[in-house]
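# Here is a sequence with its predicted model. Questions after.
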Amino acid sequence: AQKITQTQPGMFVQEKEAVTLDCTYDTSDPSYGLFWYKQPSSGEMIFLIYQGSYDQQNATEGRYSLNFQKARKSANLVISASQLGDSAMYFCAMREKTSYDKVIFGPGTSLSVIP
Amino acid sequence: GAVVSQHPSWVICKSGTSVKIECRSLDFQATTMFWYRQFPKQSLMLMATSNEGSKATYEQGVEKDKFLINHASLTLSTLTVTSAHPEDSSFYICSARSPEAEQFFGPGTRLTVL
């Protein structure tokens, strides 16, 4: 069964606008972590932001924030003030305590920032 | 931040040959490393978990005799693709788990099998 769902294969956003990338997940483990990674065309995986299942507040890192809705099992990434360099693939990922900390990835969303 | 390297960054080989890819954690000891495969325009698929000093744990559907993993030291894991075929052409990415349980990714290795 798909553990992580990203329903938006591709997204467009105007430069300087904000954009939300959706992510829903499925787990029965009470202890888990959620990640967002950016993958530009070079292929490297760039860590953006992390949210632990027990964290009370939504994670923020600069222009990135994570809208964590635990009851809905949702962990959407919000990018504010989009820049041309934000054009890339974005992957939502999850790590479960009971799975020996291995990280599994969602299918990804391709974001294109339009000047 | 911590650095994980992979070598080579790209490799082209003939069908039937074996290819070894190295993953090194440069500034921390990693008891656990992970190997992923990514086909074009797809996500990263976990292949196996590499544990220092013990056998790797393979994900369902991954042939352990074809993808040999050796985690001989706390800073090095190797993935050997044996008898490679064109369908094995892919982007292979490793990650290493730090003692603080953070995960750092290598830059990836692009394998092309002719």
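Received the coordinates, thanks.

# Now for residue A:4, how many residues are close by?
22 (other Cβ atoms under 10 Å in any protein chain shown). For every residue, glycine as well, the C-beta is placed using N, CA and C.

# Over to residue A:110?
When neighbours are counted by other Cβ under 10 Å, residue A:110 registers 15.

# Report all helices and strands that the helix or strand where it lies contacts.
Secondary structure assignment for residue A:110, by DSSP states H and E: strand A:109-114. Here strand A:109-114 touches strand A:10-14, strand A:19-21, strand A:88-96, going by 3 or more Cβ pairs under 8 Å, 6 or more residues apart in numbering or on different chains; DSSP states H and E.

# Nearest to chain B, out of these?
Taking Cβ to the nearest Cβ as the criterion, chain B comes closest to strand A:88-96 out of the helices and strands packed on strand A:109-114, the separation being 6.3 Å.

# What residue in chain B comes nearest to chain A?
Closest point on chain B to chain A, by Cβ to the nearest Cβ, is residue B:105, at 4.0 Å.

# contact partners of the strand holding residue A:110?
A:6, A:8-15, A:19, A:21-22, A:79, A:82-91 (Cβ atoms under 8 Å, 6 or more residues apart in numbering or on different chains).

# and with 7 Å instead?
Residues lying outside strand A:109-114 but in contact with it, judged by Cβ atoms under 7 Å, 6 or more residues apart in numbering or on different chains, are A:6, A:8-15, A:19, A:21, A:82-84, A:86-90.

# Model confidence for residue A:2, exactly?
Looking at residue A:2, its pLDDT reads 63.

# and residue B:80, bridged to which residues?
Here residue B:80 sits in beta bridges with residue B:20, residue B:68, going by DSSP bridges.

# What's the local residue count around it?
Close neighbours of residue B:80, defined as other Cβ under 10 Å, add up to 14.

# who's in contact with residue B:3?
When contacts are counted by Cβ under 7 Å, 6+ apart, residue B:3 is found next to B:26, B:27.

# Quick check: the gap between it and residue A:41.
Between residue B:3 and residue A:41 the computed distance is 21 Å (Cβ to Cβ, to the nearest Å).

# Kindly report the same for residue B:46.
Relative to residue A:41, residue B:46 is positioned 22 Å away (Cβ to Cβ).

# Could you give the average pLDDT over stretch B:57-76?
Mean pLDDT, stretch B:57-76: 93.

# who's residue B:97 bridged to?
Assigned bridge partners for residue B:97, using DSSP bridges, are residue B:32, residue B:103.

# residues from chain B in reach of chain A?
Neighbours of chain A within chain B, by Cβ under 7 Å from any Cβ of the partner chain: B:34, B:43-44, B:46, B:49, B:91, B:93, B:97, B:101, B:103, B:105, B:107-108.
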